[in-house]
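**Q** Next input, structure requested:
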Amino acid sequence: MNLKNIFYAFACLAFAVVIGAAIYEHLCVVPQWITAPPHSLSMFQGVYGLNPEAFWIPVHPVTLLLLFFTLVLFWKTSRKKNILIVLIGYVSILTITAIYFVPELLEITKTPYSGHVDMGLTVRAKLWELLSLVRLVTLIMLAIVFFLGLTKSDH
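**A** Purely as a prediction, here's the structure:
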C-alpha cells in the first residue's frame, strides 16, 4: 500500500467520523432536546451544558484538508471523480449548515429555560431534526461514493 492510498484511507476515516458523530447526535442528543423545548433545552445551558462545538468546529477543517489533499494526490486517476463529488457535496452541506442549521440550532438552544413547553419552538425543533436527517442521509450517500473510490485503480 502506498502513501497516496493511506492518505485516501485517512480522508475516508475522517469523513466516516463526521457521519458517526452525526448519527450519535441523532440517536442520543437530538431526541432529548426536541422533546419539550425550552424545558428540554437545559442540557445545553449552564456551566455544565453540552458543548458540541468543541467537536464540530475542528473536525470539519481537518476533514476538508484531507479531502483537498487527497484530490490533489489523485488528480490524474480514476478516483478523481469520486473525490470531487464528495468534496463538492461536503462543501455544499457545510455551506447550508452555516446558513441554516447552526444559526437555527443556536437560536433554539439559547432560548431561556422555562418549565413550559413552547409548541412553536417544538415545531421548529422537529423541522430542524427532519432537515438534519436529510443532510445526514446525503452525507451517507457521499460516503458510499467516497468509499467506492477505494475500489478503483489509483492509476
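**Q** Can you list the low-confidence ranges for this structure?
**A** Counting by pLDDT under 70, the chain has low-confidence residues at 1, 154-155.
**Q** and the longest helix for the chain?
**A** Longest among the helix segments of the chain by residue count, using DSSP state H, is helix 119-148.
**Q** Give me the packing partners of that helix, helices and strands only.
**A** Counting contacts by 3 or more Cβ pairs under 8 Å, 6 or more residues apart in numbering; DSSP states H and E, the secondary-structure elements packed against helix 119-148 are helix 3-24, helix 30-33, helix 80-96, helix 102-109. Heads up, the C-betas are built off the backbone N, CA and C, glycines and all.
**Q** got a list of what F68 touches?
**A** When contacts are counted by Cβ atoms under 8 Å, 6 or more residues apart in numbering, F68 is found next to L87.
**Q** how much space is there between it and I99?
**A** Distance from F68 to I99, counting by Cβ to Cβ, to the nearest Å: 22 Å.
**Q** same thing with K152?
**A** Noted for K152: a distance of 33 Å to I99, by Cβ to Cβ.
**Q** between the two, which one's more packed in?
**A** When K152 and I99 are compared on other Cβ atoms under 10 Å, the one with more neighbours turns out to be K152, at 14 against 10.
**Q** Can you tell me the SS state at T70?
**A** helix (DSSP: H, G, I helix; E, B strand; the rest coil).
**Q** I'd say T122 and H39 touch.
**A** No - counting by Cβ atoms under 8 Å, H39 is not a contact partner of T122; they are 10.0 Å apart.
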